[in-house]
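[1] After the sequence you'll find the predicted model.
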Amino acid sequence: EPEVTQTPSHQVTQMGQEVILRCVPISNHLYFYWYRQILGQKVEFLVSFYNNEISEKSEIFDDQFSVERPDGSNFTLKIRSTKLEDSAMYFCASTGTGGSYEQYFGPGTRLTVT
Amino acid sequence: EDQVTQSPEALRLQEGESSSLNCSYTVSGLRGLFWYRQDPGKGPEFLFTLYSAGEEKEKERLKATLTKKESFLHITAPKPEDSATYLCAVPLRYSSASKIIFGSGTRLSIRP
């Protein structure tokens, strides 16, 4: 069964460093998303991406964040200068076409900023 | 304000003891409602989509129902492997690019 994959599963970085989180969405999907979940809190939306541009972004998704689809399979989230409060699980998701809104999530990357 | 609220926060059941989880929502025009299962340290796993009041979906021991203001996830004769956090979520726009907002989840624990 097709699934969303994410790498790495765990990333530890120092405050101020740049990180790139990687995702491979389901192969025939066209809509891509990033969400995050701070420990013990709700899953919260960061950004949606379609046709090589951002469709929607939340207030959390400020200038420190960027997304890219560098090739036909990968979808990345970059955080330019990490802060302690960026520590969270980051989930990538994707949706197909045909009017379906279901979003399928990857296993997540646990980001720890020290 | 668009909001999704789930109750109870946590539920402990004996194996075989049926129960229901609740999700109430306040969004301006429902565009569908999703149920997900989340295991500790993992991503949400899609279970169901419900689009209109009166709709029901079933999968193994789970049945999801939808009214105009809330959704229920009924679990019949649960097993320990059903232990997980169950999340309810709604999309905010009629678009596949729409953000979805999640409830806080119900942590379900099934004792053997």
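    Yep, that arrived.
[2] what does chain A have sitting close to chain B?
    Listed as neighbours of chain B in chain A under the rule C-beta under 8 Å from any C-beta of the partner chain: A:4, A:6, A:30-31, A:33, A:41-45, A:48-50, A:55-56, A:58, A:89, A:91, A:95-97, A:99-108, A:110. C-beta here means a position set from N, CA and C on the backbone, and glycine is covered the same way.
[3] Please spell out the ChimeraX selection for the buried subset of those residues.
    Of the residues of chain A next to chain B, the buried ones go into a single ChimeraX selection, burial set by 16 or more other C-beta atoms under 10 Å in any protein chain shown:
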select /A:4,6,31,33,42,43,45,48,49,50,55,56,58,89,91,95,96,101,102,103,104,105,106,107,108,110
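[4] quick one: A:E18 and chain B, what's the gap?
    From A:E18 across to chain B, the span is 24 Å (C-beta to the nearest C-beta, to the nearest Å).
[5] what's the nearest residue to that residue if we skip its chain neighbours?
    Of all residues not flanking A:E18 in the chain, A:R80 sits nearest, at 5.4 Å (C-beta to C-beta, 6 or more residues apart in numbering or on different chains).
[6] ok, the closest residue to A:K57 other than its chain neighbours - how many residues close by?
    Nearest non-adjacent residue to A:K57, counting by C-beta to C-beta, 6+ apart: A:V47, 4.5 Å away. When neighbours are defined as other C-beta atoms under 10 Å in any protein chain shown, A:V47 has 20 of them.
[7] C-alpha coordinates for stretch A:70-80, PDB please?
    Extracted in PDB, the C-alpha atoms of stretch A:70-80 (Å, rounded to 0.1, in the frame of the first residue of the first chain):
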ATOM      1  CA  PRO A  70      13.100  20.000  -5.600                       C
ATOM      2  CA  ASP A  71      12.300  17.100  -7.900                       C
ATOM      3  CA  GLY A  72       9.400  14.900  -8.800                       C
ATOM      4  CA  SER A  73       9.300  12.900  -5.600                       C
ATOM      5  CA  ASN A  74      10.700  14.900  -2.700                       C
ATOM      6  CA  PHE A  75       9.000  17.600  -0.600                       C
ATOM      7  CA  THR A  76      11.100  19.500   1.900                       C
ATOM      8  CA  LEU A  77      10.600  21.800   4.900                       C
ATOM      9  CA  LYS A  78      13.500  24.100   5.800                       C
ATOM     10  CA  ILE A  79      13.900  26.000   9.000                       C
ATOM     11  CA  ARG A  80      16.600  28.600   8.600                       C
END
